[in-house]
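> sequence plus the predicted model coming up.
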Amino acid sequence: MLNRPTHCVFISLLAFTLCSCGGDARVKPQEPAPVVKSDAQPATKSGAAIKDPKELIALAQQKKSPERDAFLLQAAEMYLTQNKVDKARNLIGEINAAQLAEQYLVTFSQVSAALALKDGDIERARRILTNPRVEQQLKALEPAQEAELRELRAQTFERNGQLEESIAERINASAVLTDSQKINSNQDALWQTLMILPLSELQANALKGSGGITQGWYSLAALSKNNTQDISAQLATLAQWQKQWKTHPAANNLPKDLRALQSINNQQPRKIALLLPLQGRLAVAGEAVSDGFFAAYYQHLNNNNLPSVRTYDSSKDAAAAYQQAVNDGADFIIGPIDKENVNTISKLPALRVPLLSLNYPDQQPSQPLANFYQFGLAVEDEARQVARQGIQDGYKRALIVSTAQEVSERSAQAFAAEWQKLGGTLIGKNTFASQDKFSESFRHLMLLDESQARATLLQQQLGTKFEFTPRRRADVNMIFMPVTPDQGRQIKPTLVFQYANSIPVYATSSVYSGDADAIKNEDLNGVLFNTLPWVFDNNNPAKQAIAQTTKSAAVYGRLHALGADAFHLYSRIPQLKQAPDMKLYGATGSLQLMPDGRIEREQMWAHFNNGLAEPLATVVDNQNANNQDTNE
């Protein structure tokens, strides 16, 4: 993880960690263990009826430890519940953790870890929650508190990239939960975490163990995540799972996406129409999308429910092509790909037959248009994902480096809107035009000129010269760079030259062309970017087929992936509608249907290391690899 600022109020917490020989303890996945109930009394019994944290603080001032600590701890809990984080943090800082009575330790750790998570300091939260003193008490807690602690640990492990540990915590929590709503909430969260793991890891874990609950979850997750296969084949695998795991907690309470799967098999289209440009300036793009679609289609020839497909020319009048397809009996239509025609479709009064456009209109319909689904390679989706990831990584103050190109500007605007919506602060924006001009403007933006001026003034006052390194402004902890590879190769070295080399740099897929030239891309080292899984998935059968049959596989890779996912989406739309949290794990990313009919993509992450683009299982992998301090 990247090092985060450590607040002075947690010095006592550090003493607590050192005194108890914390180490780097980590939870190991295990089966739920029997619960041992604790006889410990409530931490603040005498103050249980008090609802005002100020009264608790007043009581604490009249007491000595451990009663004083108990009142302060309860007040801190109240402030945290009220989202008065600073007040809660100050109270926690007044408690001497090293001398804290054992019955208060878990609550103290929960509050401290929750505060650390709010600060974005995931590593500190992990250390608190995996301290041996806490883990020794874990299974001796009352069921309700054990469940709360495991929930917090599960969240922390997930955010720290320890997905299997997070899964283990939720499985253990399920053994002590009794409230049906909390059981379902925990299972939903467990399922979402399982779905983050790559399919290969799910399949590997499904082969481990001797038939325990954990193995059953991995097996079920593996068959669910493999959702680009035929629905009938997936249903057959599900039936086998249910037969094998009759006593598993999920056997009678399947995740929503699998429940939906059982109801859509008889709703599959029999005739599909492709609306693609067969002539004009977009004909080559249309051909690339078609190649991707049919490459995926031909991988499923053994499917008895495979629909027939007919292509219509959308280069002149997409609305007329749509109507002709409807008249010809199509029961699902895919396309068009250009914005102008998608705009036309979006303004139609009604759509008799469902349509999946392969682009987005300039403006969403004022009211969602029934049967209108939108899917594409929107740069805005990528930029919003970067913003969400940056906030999740604990960054709050971002700087944008973009260009005057339309795509870069759209990315910058989408990032800024999402970033500020999530509570982040936008420190500034710098537009790259040329390296010389950018270096000068970036130097000014980072306040390096002011630093130099202060040093010059000091030298004049002292009457002597001394060695001096300018100090950049310290309130920027992330840079977003939606640029092309060539532009990135000029911008990144400038950041290093202007003393900003320790600030994490995030980008979108535009920064990587697929060119595996280590020397050429060396200047991009450390840049983290999101991209299509297609880029790194050389085992994808559709991708392999295209590489064997076309000469433009690399150039039009994004469009090939778009076509392949369009094929996988047509059969899954009803399932996505019934299970709003479900994602289709396709060639362009994790695909989720939004309430307005948009298919939103979430891409995988990669980074440049020694000049080569390398995929990351989680963003935390990149942070652990860099391990750099951003607080200069």
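Looks like it arrived, so ask away. Here the structure is a predicted model, which is why all the values come from computation and not from measurement. Residues are numbered from 1 along each chain as shown.
> next helix or strand past the strand or helix carrying Asn343?
Asn343 belongs to helix 339-346 when elements are defined using DSSP states H and E. The C-terminal neighbour of helix 339-346 among helices and strands, as given by DSSP H and E, is strand 355-357.
> now what about the helix or strand just after that following strand, what contacts it?
Tracing the chain C-terminally past strand 355-357 and defining elements by DSSP H and E, one meets strand 372-374 next. Residues lying outside strand 372-374 but in contact with it, judged by C-beta atoms under 8 Å, 6 or more residues apart in numbering, are 342, 345-346, 351, 354-357, 359-361, 365, 569, 573, 593, 597-599. To be clear about C-beta, it is placed using only N, CA and C from the backbone, and glycine gets the same treatment.
> on that earlier part again, what's the helix holding Asn343 packed up against?
Using 3 or more C-beta pairs under 8 Å, 6 or more residues apart in numbering; DSSP states H and E as the contact criterion, the neighbours of helix 339-346 among helices and strands are helix 318-327, strand 355-357, strand 372-374.
> quick check: which of those is buried the most?
Of all the helices and strands packed on helix 339-346, strand 355-357 has the most neighbours on average by mean count of other C-beta atoms under 10 Å, namely a mean of 26.
> that strand: partners in the sheet, and parallel or antiparallel?
In the sheet containing strand 355-357, its partner strands are strand 332-334 (parallel), strand 372-374 (parallel), by DSSP bridges.
> domain assignment for this protein?
8-186, 199-265, 268-374, 380-532+606-626 (automatic domain parsing).
> re earlier: pipe the strands paired with strand 355-357 into JSON lines and attach mean pLDDT per row.
Formatted as JSON lines, the strands paired with strand 355-357 follow (pLDDT from 0 to 100):
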{"stretch": "strand 332-334", "mean pLDDT": "98"}
{"stretch": "strand 372-374", "mean pLDDT": "97"}
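> show me the one of those strands that comes nearest Ala273.
With respect to Ala273, and counting by C-beta to C-beta, the nearest of the strands paired with strand 355-357 is strand 332-334 at 4.6 Å.
> if we can go back for a sec, need the strands paired with strand 355-357 in a markdown table (columns: distance to Gln244).
Supplementary listing: these in a markdown table, determined by distance: least, C-beta to C-beta, whole Å:
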| stretch | distance to Gln244 |
| --- | --- |
| strand 332-334 | 34 |
| strand 372-374 | 36 |
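> which of those sits closest to Ala288?
Nearest of the strands paired with strand 355-357 (C-beta to C-beta): strand 332-334, 14.3 Å.
> now do the closest one: everything it contacts.
By C-beta under 8 Å, 6+ apart, the list of residues contacting strand 332-334 reads 269, 271-275, 293, 307, 322, 325-326, 353-356, 358, 566, 570.
> for the residue most central in space within the chain, give its distance to Leu528.
Geometric centre of the chain, nearest residue: Gln389, 5.9 Å, by C-alpha atoms, centre = their mean. Distance of Gln389 to Leu528, computed by C-beta to C-beta, to the nearest Å: 8 Å.
> that older thread, distance between the helix holding Asn343 and the chain's centre?
In terms of C-alpha atoms, centre = their mean, to the nearest Å, the centre of helix 339-346 is set 30 Å apart from its chain centre.
> buried residues in that helix, which are they?
Counting neighbours by 16 or more other C-beta atoms under 10 Å, one finds that the buried residues in helix 339-346 are Asn341, Val342, Asn343, Thr344, Ile345, Ser346.
> how many other residues sit next to the closest residue to Ala321 other than its chain neighbours?
Sequence neighbours aside, Tyr312 is the residue nearest to Ala321 in space, at 4.3 Å (criterion: C-beta to C-beta, 6 or more residues apart in numbering). Using other C-beta atoms under 10 Å, the number of residues around Tyr312 comes to 20.
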